[in-house]
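# Coordinates for the following, if possible.
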Amino acid sequence: MSKTRIAFIGAGNMAASLIGGMRAQGVEAELIRASDPGAETRERVAKEHGITVVADNAEAIEGADVVLLAVKPQMMKTVCEALKPALKPNQLLVSIAAGITCASMKAWLGEQPIVRCMPNTPALLRQGVSGLYATAEVTHAQRQQAETLLSAVGIALWVEEETQIDSVTAVSGSGPAYFFLLIEAMTAAGVKLGLSQEVAKQLAEQTALGAARMATESDVDAAELRRRVTSPAGTTEAAIKSFQADGFEAMVEKALGAAAHRSAEMAELLGK
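Numbering: from 1, shown residues only. Next up is the predicted model:
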């Protein structure tokens, strides 16, 4: 990506995070351009990252090899249809808009190579994970460009079927909220067990952070890590058995299924 020119349509939090990740990796400011309708956003992003940020989308994409669409899903059709006349053949389009299918984007933009992505909010801390799907028009080199771009804020994983983006949404796109809910519940339970709110909160948060690092940095899977910390007839086993007696695994499966189903519904609604 050393000479790849990238344009961001929309310069909100996720786009700014990607820009920051790229700049931290040594991508020259001259190779990055962005557009945004908000004057305050344009000024802030330009100042923070040293790049050119303009109001006009067509101006932003001029000469770009990769165009990253980072606008709200409800605005995608309007933005894409207005952008279509300014696109050059074979410009790679990378969309991070939730619920917008490649078929919808092709209808609005024409037969451009498209990569559809589902990042998640830890990307704001460069600890994200993104699922990527490429249309048939995307070349091997363009796949590498998209992967490198999303890897600036975490890890990027390819899926072979576009419908799997709904599954990615259920597992990782919406996933941070599940862990926040668990932290909330553990904190509340700790308070009921006699801890102060602040102590319970810090215990739950740091435990979540430590467990995540153990899972990502270990050479064994999560099931084995759980077994290793679950002593027979001990305190951890008592809690795990309680979770499982209440159908913990089935509850998680049902919840993620609901998220995937809603993702597919949103794609149908937003693509019209």
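# Count residues in the vicinity of Asn120, would you?
Residues contacting Asn120 under the criterion other CB atoms under 10 Å number 23. Using the backbone N, CA and C atoms, a C-beta is placed for each residue, glycine as well.
# pretty sure it is in contact with Arg126, am I right?
No. Asn120 is beyond contact range of Arg126, at 12.0 Å (criterion: CB atoms under 8 Å).
# domain ranges for the chain?
Listed by automatic domain parsing, the domain ranges of the chain are 6-168, 175-267.
# A helix includes Met22, no?
Yes. Assessed with DSSP: H, G, I helix; E, B strand; the rest coil, Met22 lies in a helix.
# Run through the residues that contact the closest residue to it other than its chain neighbours.
In space, not counting the residues next to it along the chain, Met22 is nearest to Ala152; the distance is 4.8 Å by CB to CB, 6 or more residues apart in numbering. Ala152 makes contacts with Leu18, Gly21, Met22, Ala24, Gln25, Arg126, as judged by CB atoms under 8 Å, 6 or more residues apart in numbering.
# Give me the pLDDT value at the first one.
With respect to pLDDT, Leu18 scores 94.
# Count residues in the vicinity of it, would you?
Look at Leu18: counted by other CB under 10 Å, it has 28 neighbours.
# Who are the packing partners of the helix or strand hosting it?
Assessed by DSSP states H and E, Leu18 sits inside helix 13-24. Where contact means 3 or more CB pairs under 8 Å, 6 or more residues apart in numbering; DSSP states H and E, helix 13-24 is packed against strand 6-9, strand 32-35, helix 39-49, helix 140-151.
# Got the phi and psi for Ala156?
Here is the backbone geometry of Ala156 (degrees, to the nearest 10): phi -130, psi 130.
# what does Val229 give?
phi -100, psi 10.
# shaky segments in the stretch 1-150 of the chain?
By pLDDT under 70, the weakly predicted segments of the stretch 1-150 of the chain are 1-2.
# Report pLDDT for the residue nearest to Met22.
For Ala152, the model assigns a pLDDT of 92.
# Going by distance to Ser104, which of the contacts of Ala152 wins?
Distance to Ser104 across the contacts of Ala152 (CB to CB) is lowest for Leu18, with 22.3 Å.
# Correct me if wrong: that closest one contacts Leu68.
Yes. If you go by CB under 8 Å, Leu18 and Leu68 touch, sitting 7.1 Å apart.
# Now for those two: what residues contact both?
Contact criterion CB under 8 Å, 6+ apart; residues shared by Leu18 and Leu68: Phe8, Leu149.
# which element follows the strand or helix carrying Ser104 toward the C-terminus?
Element membership of Ser104 [criterion: DSSP H and E] is helix 102-109. The helix or strand immediately downstream of helix 102-109 is strand 114-118, counting by DSSP H and E.
# Compute the distance between the closest residue to Ser218 other than its chain neighbours and Phe180, please.
Spatially, and ignoring its direct neighbours in sequence, Ser218 is nearest to Leu225 (6.0 Å; CB to CB, 6+ apart). To Phe180, Leu225 is 21 Å away according to CB to CB, to the nearest Å.
# Could you pull up the residues touching the most centrally placed residue in the chain?
When CA atoms, centre = their mean is applied to the chain, the residue found nearest the centroid is Pro119 (1.1 Å). Listed by CB under 8 Å, 6+ apart, the contact partners of Pro119 are Met14, Ile96, Gly128, Val129, Ser130, Leu150, Val153, Gly154, Gly173.
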